[in-house]
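# I would like to see how this sequence folds:
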Amino acid sequence: MTQAITGARIFDGNTLLDHHALIINGSEIVAIVPCQSLAAEIDVIGLDGGILAPGFIDLQVNGGGGVLFNNHTSVDTLRTMASAHRAGGTTALLPTLISDSLENQRAGVDAVAAALECGLAGIVGIHIEGPFFSLPRRGAHQASYIREMQASDVEWLTAISGFPVLVTLAPECTGPGQIQQLVNAGIRVCAGHSDATFADIQRALSEGLTGFTHLFNAMTGLQSREPGVVGAALSDANSWCGIIVDGHHVHPATVAVAHAAKAAQKLFLVTDAMATVGSSCRSFEIYGETVHEQDGRLVNADGRLAGSAISMIDAVRISVTEVGLDLSEVLRMASLYPAQFIGQEHLRGSIQTGLQADLVHFDNHYRVQHSWVAGACQQH
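The predicted structure is shown next:
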């Protein structure tokens, strides 16, 4: 059924448009037209102000709605996570498995495959974060799982097909050519939880490394004589960086510096969200220990940050109001750029004719009012 959505400013991915209507037909975007040119007989959905934007795309989601993917690698868990994050404006996400047993990692991949097979809205692939990490940079990942990549790991990872796969690893924990093997199989490889030198990252980039996970966190910093992972990430014009803008993982001024330094259109927002997001619970279990939310921060028993407690609309709000970035750019950081990174800009990430009608409507206080996934509307 053809519908026109009116009453909000429309951000098409480039421009904020006033007095325009978005026309969708079923799951597909048809056009953006001036309101005065709408046919009298068209079905109209009237919104009460605010902004209508492309639905947010979050490439690092560990949990939500009271559940954590590592703890229950099932389609039901993915359904709960997708629903919880949809209320925060996320219409497409990569459920993320942090370092765990090979058995649980395989189960997670199987759950994502099953979710896609049954058409579960909002799930578009998987992010496998670890366990191929530097032990000193493991963060909240359990030490007993941290190890170097083996040939058998490359074998099973490269056998995954049919949907986007993102793998975060420490390049210094891989053997020669292993990153190249993953990339040749269509996997997006990111550096993270890494003690690598600038030279280590240059070697990884030459093998096809294309991204950096939660920039600044759990990686070697930028120093005068050793640029480290951060320096390599910011100086490389072709790679992408995800960044957690929650006011805790990265100082707002540091976010602004990263945005100024990084090549245009290569910095995108992620949440690294845990089970508490979209839930009334303020703690959860992982690796047999309890992680608590304290003043908006999630910390484990050692006081380490253990993911975040934000949804994407929070990251958008903080990026505008505390970091000072332009709203249009921030909306691209939340939708278009992550879509481009995983090769799905032909499906989602902007409001263009022929793309899937994945949309978010939020008010002037950054509160999500409505979302659409494949044209299906939900009020929040």
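
# Buried residues, stretch 14-24. List them.
Residues of stretch 14-24 classed as buried: 17, 20-24 (neighbour count, 16 or more other Cβ atoms under 10 Å). C-beta: built from backbone N, CA, C; applies to glycine.

# List the ones among those residues that fall in strands.
Of the positions in the buried residues of stretch 14-24, 17, 20-24 sit in strands, assigned by DSSP state E.

# Same list, these, but as JSON lines with pLDDT and distance to V112 please.
As requested, those are arranged in JSON lines below (pLDDT from 0 to 100; distance: Cβ to Cβ, whole Å):
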{"residue": "L17", "pLDDT": "97", "distance to V112": "36"}
{"residue": "H20", "pLDDT": "98", "distance to V112": "36"}
{"residue": "A21", "pLDDT": "97", "distance to V112": "36"}
{"residue": "L22", "pLDDT": "98", "distance to V112": "30"}
{"residue": "I23", "pLDDT": "98", "distance to V112": "32"}
{"residue": "I24", "pLDDT": "98", "distance to V112": "27"}
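
# between those residues, which is nearest A260?
A260 lies nearest to L17 out of these, by Cβ to Cβ, at 27.5 Å.

# close enough to count as contact, the closest one and A31?
No. At 12.0 Å, L17 and A31 do not qualify as touching, with contact defined as Cβ atoms under 8 Å.

# how far is the top helix by length along the chain from where the chain is centred?
Counting residues, the longest helix found in the chain (DSSP state H) is helix 102-117. The chain centre lies 18 Å from the centre of helix 102-117; the measure is Cα atoms, centre = their mean, to the nearest Å.

# can you pull out the helices in the stretch 151-300 of the chain?
Remark: helices assigned in the stretch 151-300 of the chain by DSSP state H, counting those that start in this stretch are 151-158, 178-184, 198-206, 228-235, 252-261.

# got the angle between the longest strand along the chain and helix 102-117?
The longest strand of the chain (DSSP E) is strand 90-98. Relative orientation of strand 90-98 versus helix 102-117 (axes from the mean of the first three to the mean of the last three Cα atoms, to 10 degrees): 160 degrees.

# by contact count, what packs against strand 90-98?
Judged by 3 or more Cβ pairs under 8 Å, 6 or more residues apart in numbering; DSSP states H and E, strand 90-98 is in contact with strand 56-61, helix 75-86, helix 102-117, strand 126-129, strand 368-373.

# Residues in contact with the longest one: which ones?
This points to helix 102-117. Helix 102-117 is contacted from outside by 69-70, 73-75, 77-79, 95, 97, 100, 123-126, 128, 153, 156, 160, 162-163, using Cβ atoms under 8 Å, 6 or more residues apart in numbering.

# now the angle between helix 151-158 and that helix, please.
Using the same axes, to 10 degrees: helix 102-117 against helix 151-158 is 10 degrees.

# how far off helix 75-86 does helix 102-117 point, in degrees?
Using the same axes, to 10 degrees: helix 102-117 against helix 75-86 is 70 degrees.

# Just the buried positions in helix 102-117, please.
Neighbour-count burial for helix 102-117 [16+ other Cβ under 10 Å]: 104-105, 107-109, 111-113, 115-116.

# Then stretch 231-244?
Quick answer for stretch 231-244 (16+ other Cβ under 10 Å): 231-236, 239-244.

# From the chain's centre, how far out is that stretch? Work that out for me.
Centroid separation for stretch 231-244 versus its chain: 15 Å, with Cα atoms, centre = their mean.

# do stretch 61-71 as well
Chain-centre distance of stretch 61-71: 14 Å, with Cα atoms, centre = their mean.

# Format the ones in strands among the buried residues of stretch 14-24 as JSON lines; extra columns: distance to A306.
JSON lines is the format used below for these (distance: Cβ to Cβ, whole Å):
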{"residue": "L17", "distance to A306": "41"}
{"residue": "H20", "distance to A306": "43"}
{"residue": "A21", "distance to A306": "44"}
{"residue": "L22", "distance to A306": "39"}
{"residue": "I23", "distance to A306": "44"}
{"residue": "I24", "distance to A306": "39"}
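
# Can you check the pLDDT for R138?
We have a pLDDT of 94 for R138.

# And S311, what's its pLDDT?
S311 is assigned a predicted lDDT (pLDDT) of 98.

# Show the average pLDDT along the longest helix of the chain.
In this model, helix 102-117 has an average pLDDT of 98.

# What are the structural domain limits within this protein?
Domain assignment for the chain, taken from automatic domain parsing, gives 2-53+354-379, 56-341.

# Pick the most buried one from those domains.
domain 56-341 (a mean of 20; mean count of other Cβ atoms under 10 Å).

# Tell me which two of the buried residues of stretch 231-244 sit farthest apart.
So, the buried residues of stretch 231-244 by Cβ to Cβ: farthest apart are S235 and I244, at 20.8 Å.

# How about exporting stretch 117-135 as PDB, limited to the C-alpha atoms?
Extracted in PDB, the C-alpha atoms of stretch 117-135 (Å, rounded to 0.1, in the frame of the first residue of the first chain):
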ATOM      1  CA  GLU A 117      16.300 -17.400   7.200                       C
ATOM      2  CA  CYS A 118      13.000 -16.600   9.100                       C
ATOM      3  CA  GLY A 119      13.200 -12.900   8.100                       C
ATOM      4  CA  LEU A 120      13.700 -11.500  11.600                       C
ATOM      5  CA  ALA A 121      13.500  -7.700  11.100                       C
ATOM      6  CA  GLY A 122      16.600  -5.700  12.100                       C
ATOM      7  CA  ILE A 123      19.200  -8.400  12.100                       C
ATOM      8  CA  VAL A 124      21.600  -8.100   9.100                       C
ATOM      9  CA  GLY A 125      24.800 -10.000  10.000                       C
ATOM     10  CA  ILE A 126      27.200 -10.800  12.800                       C
ATOM     11  CA  HIS A 127      30.100  -9.100  14.600                       C
ATOM     12  CA  ILE A 128      32.600 -11.600  16.100                       C
ATOM     13  CA  GLU A 129      34.700  -9.600  18.600                       C
ATOM     14  CA  GLY A 130      37.600 -11.700  19.700                       C
ATOM     15  CA  PRO A 131      39.100 -13.900  21.100                       C
ATOM     16  CA  PHE A 132      42.200 -13.100  19.000                       C
ATOM     17  CA  PHE A 133      43.300 -10.300  21.200                       C
ATOM     18  CA  SER A 134      46.300  -8.900  23.100                       C
ATOM     19  CA  LEU A 135      45.900 -10.000  26.700                       C
END
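
# Nice, that's everything, thank you.
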